[in-house]
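1. Sequence unavailable; structure follows:
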C-alpha cells in the first residue's frame, strides 16, 4: 500500500481554479485495451459500506455519459446513485464529490471511500468506489460497463491522486 501514498497538497487558489474549470465535470476516461477488469472481476468483502453493495449490484451496467440511473452511468453518476440508494447524499459531479468529501490518506482508505484519478493535464476526471483489497468499482468509459478495476494496475496507479470519505 505504501506505493499508493501520494500526499496531495493543493492550495485554496488551485482548488478554486479546479472548481471553476469543472462545474459540469463528468468522467470520460478511456484506458487502453487490456487495462479493464471484467464486470465480475472481484468479490466484495462482507460488512462493507452500503454504497459498495449497491454498486456491486450494478456490475455490467453500460456506461452512459451523464448517466446516473441503472439505464447507464458515468463514473460520478455511479457514485451519486450508489450513495443515494445507500442513504448518503453526495454531489453529482466528480469535482464536487472530491471537493465535499473528507480527505483520506491513501494508506487509510477503506471500503466505501472514493478514489479519484487525473488523466493527462486534465483536472480530477474520474472517480470510483473503493471495495477493499486494492479494488474499486467504476464506470470506465464509453462502450464499456460498470466493472471492478485494480489500484495495482499501472494505468490506474499512475493516475490515482486522492481519496475521500462520506459518512453513512
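-> Thanks, I have the structure now. Computed from a prediction, not measured in an experiment: that's the story for all the values here.
2. and the lengthiest strand in the chain, what's its mean pLDDT?
-> Criterion DSSP state E: the longest strand present in the chain is strand 124-132. Mean pLDDT, strand 124-132: 96.
3. List the pairing partners of that strand within its sheet, with orientation.
-> According to DSSP bridges, strand 124-132 has the following sheet partners: strand 114-118 (antiparallel), strand 135-138 (antiparallel).
4. Around residue 134, how many other residues sit close by?
-> Residues near residue 134, counting by other Cβ atoms under 10 Å, number 17. Where you see a C-beta, it was placed from the backbone N, CA and C, and this is true even at glycine.
5. Residue 89 too?
-> Neighbour count for residue 89, taken as other Cβ under 10 Å: 10.
6. so who does it touch?
-> Residue 89 is in contact with residue 83, counting by Cβ atoms under 8 Å, 6 or more residues apart in numbering.
7. one more time with 10 Å
-> Shown in contact with residue 89 (Cβ atoms under 10 Å, 6 or more residues apart in numbering): 80, 83, 100, 166.
8. do residue 79 as well
-> 27, 51, 55, 68, 73, 90-94, 97, 101, 114, 127-129, 137-139, 166.
9. Please list the members of those that lie in strands.
-> Filtering those for strands - DSSP E - leaves 68, 73, 114, 127-129, 137-138.
10. Tell me the one among the residues you listed nearest to residue 148.
-> Nearest to residue 148 among the ones in strands among the contacts of residue 79 is residue 137, at 5.8 Å by Cβ to Cβ.
11. To what extent is that closest one buried, counted in neighbours?
-> 28.
12. gap between it and residue 154?
-> With the distance defined as Cβ to Cβ, to the nearest Å, residue 137 ends up 19 Å from residue 154.
13. In contact with the spatially most central residue of the chain, which residues?
-> In the chain, the centroid-proximal residue (Cα atoms, centre = their mean) is residue 128; its distance is 1.7 Å. With contacts taken as Cβ under 10 Å, 6+ apart, residue 128 has the following neighbours: 27, 55, 75, 78-79, 113-117, 135-140, 146-149, 151, 156, 160.
14. Could you give the bridge partners of residue 160?
-> The partner residues for residue 160, given DSSP bridges, come to residue 117.
15. quick one on the thing from earlier: neighbour-wise, which one of the ones in strands among the contacts of residue 79 leads?
-> In these, the most neighbours by other Cβ under 10 Å go to residue 127, 32 neighbours.
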